[in-house]
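[1] give me a model of this one.
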Amino acid sequence: MTDMDLQSKLTECESIISQLVMRLQEAIDENDKLRAELARAAEGASAYDTLSDMHRNRDLPETVRLRAAIGCLPHELPKIQSVPPAMNLVAEEDEPLADKVERQRKRCYAIQALPLEQREKLVRGVGHENMATGHFNSAGNGRDDDTAS
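    Below is the predicted model:
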């Protein structure tokens, strides 16, 4: 190789190096720009907001997006777990209909067997028409048992 060939090779290598340095500087500038943009976007944002923005950003590498999505998952979907009952319910035994009807009939017969004055005390004026107003009085005692008070 001659001196001229070496000189041309050296010039070619310097040109390639200067192009690589320019590309590297462009990459550094873009990186700084993205970091500044990320800092502005994340300023005042919660950790969840930052992770959520990251996992939706299609410009980021898939592994970064996947990790961000994993971080967001517990806050987006509730944990599946057993739920305690809403109330402390206690089951009562059902009374057979025939027994209930028989009990109510006995009560009815017992009330009908009372003298009229006692029955009126139980029902305090229910069904009696007020002659002055023409209205029925429906002020019963509000109870459905055998007591008048």
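[2] tell me how the protein divides into domains.
    Domain segmentation of the chain under automatic domain parsing yields 11-76, 95-149.
[3] for Ala69, see how far away Thr53 is.
    Slight slip there: residue 53 is Asp, not Thr. From Asp53 over to Ala69 the distance is 12 Å, taken as Cβ to Cβ, to the nearest Å. Any C-beta I mention is one placed from the backbone N, CA and C, and that applies to glycine too.
[4] so how far is the longest helix belonging to the chain from its chain's centroid?
    Ordering each helix of the chain by length in residues (DSSP state H) puts helix 3-42 first. Distance of helix 3-42 from the chain centroid (Cα atoms, centre = their mean, to the nearest Å) equals 52 Å.
[5] what helices or strands is that helix leaning on?
    Judged by 3 or more Cβ pairs under 8 Å, 6 or more residues apart in numbering; DSSP states H and E, helix 3-42 is in contact with helix 47-56.
[6] run the angle between the following helix or strand past the helix it packs on and helix 47-56 for me.
    Toward the C-terminus, helix 47-56 is succeeded by helix 62-76 as the next helix or strand (DSSP states H and E). Calculated by axes from the mean of the first three to the mean of the last three Cα atoms, to 10 degrees, helix 62-76 forms an angle of 140 degrees with helix 47-56.
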